[in-house]
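> here is my input, please return the structure:
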Amino acid sequence: MRIKIDFISQSKYGIRLPLHYNYLLQGFIYKNLSRHLARFIHNQGYQYEKRRFRFFTFSRLLGKFRIDRDWIIYPKICTLWIASPIIKILESFAGSLAREGCIQLGDNLCEVTSIEVPFTKKYEKEIEIRTLSPITVYSTLLTPDRKKKTYYYSPFEPEFSKLILQNLIKKYLALHPDKKDNLQVFSITPRWVSKKNEHIIYYKKTIIKAWSGIYRIKGSQGLLELAFDSGLGSKNSQGFGMIEEYKN
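The predicted model follows:
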């Protein structure tokens, strides 16, 4: 399930945010959940083996913008998408925004002009998608001197699709521990992706490499639905991996 939120700036100067605003948006989402739910998701989440999943993802802010040095400025209006397979997360978030009406986004006072819940469709076994926030896929490796190093994969490396599948399976089993059938059927292939789709994003003080673009995904019904609801790849609750159906 997903919701779409439209904001309008209360300032004549528009909505002004740091270029790397993922952490700010993540905090905004947590702030607008019920205290109990926010604490549970942040501190505990949904566990499978050693992995814990927060089970929400969100888009980049969509709308016309301009760049001013280290800032991104939306002249008036912008849109945020948030998705989750846990309906109570979206209900809590949307309910908070509806009650408040005006919200604080960073240093910006904004009015929530609309909250939409689009129709949830059943996806085919093969579908083209585009990213609403870039996908990050990585492994933590050991260097010859035994130091940990993070290696980020590109969509053109086989590990990209392989690790996305492994991640989806773990998410699925965290939600449905008793359903283990037909979970090896998923692949992602770049369709319109080039070097310009690689993004370097700072989250707090960590550098994260991620990829946007148009992709084709194939998979079982359960994994496809989860891909749309929870995001692809890693760090979904930090604003990575949200997708939508791509239509020419």
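> mind checking how far the residue lying closest to Asn197 once chain neighbours are set aside is from Gly239?
Nearest residue to Asn197, sequence neighbours excluded (Cβ to Cβ, 6 or more residues apart in numbering): Gly213, at 4.2 Å. In this view, the C-beta of every residue, glycine as well, is placed from N, C-alpha and C. From Gly213 across to Gly239, the span is 17 Å (Cβ to Cβ, to the nearest Å).
> residues near the residue nearest to Asn197, how many?
19 (other Cβ atoms under 10 Å).
> what do you get for Asp68?
10.
> list the buried residues for stretch 192-211?
By 16 or more other Cβ atoms under 10 Å, the buried positions in stretch 192-211 come out as Val193, Asn197, Glu198, His199, Ile201, Tyr203, Ile208, Lys209, Ala210, Trp211.
> who touches it?
20, 22-23, 131, 133-136, 138, 152, 154-156, 212-215, 233, 235, 238, 240 (Cβ atoms under 8 Å, 6 or more residues apart in numbering).
> can you flag the buried ones in those?
Buried among these by 16+ other Cβ under 10 Å: 20, 22, 131, 133-136, 138, 152, 155, 212-213, 215, 233, 235, 238, 240.
> so which of the residues you listed are in helices?
Asn22 (DSSP state H).
> hang on, Lys179 in a strand?
No: read with DSSP: H, G, I helix; E, B strand; the rest coil, Lys179 is coil and lies in no strand.
> that one reaches Gly222, doesn't it?
Yes: look at Lys179 against Gly222 with Cβ atoms under 8 Å: they come within range, at 7.4 Å.
> sorry, back to before: as CSV, the buried residues of stretch 192-211 with secondary structure, distance to Leu168 and pLDDT would be great.
Shown next, in CSV, are the buried residues of stretch 192-211 (DSSP: H, G, I helix; E, B strand; the rest coil; distance: Cβ to Cβ, whole Å; pLDDT from 0 to 100):
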residue, secondary structure, distance to Leu168, pLDDT
Val193, coil, 19, 97
Asn197, helix, 21, 98
Glu198, strand, 22, 98
His199, strand, 22, 97
Ile201, strand, 22, 96
Tyr203, strand, 22, 95
Ile208, strand, 19, 98
Lys209, strand, 20, 98
Ala210, strand, 17, 98
Trp211, strand, 17, 99
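> what about the lengthiest helix in the chain, distance to the chain center?
Longest helix in the chain, counting residues (DSSP H): helix 158-175. Helix 158-175 has its C-alpha centroid displaced from the chain centroid by 15 Å (Cα atoms, centre = their mean, to the nearest Å).
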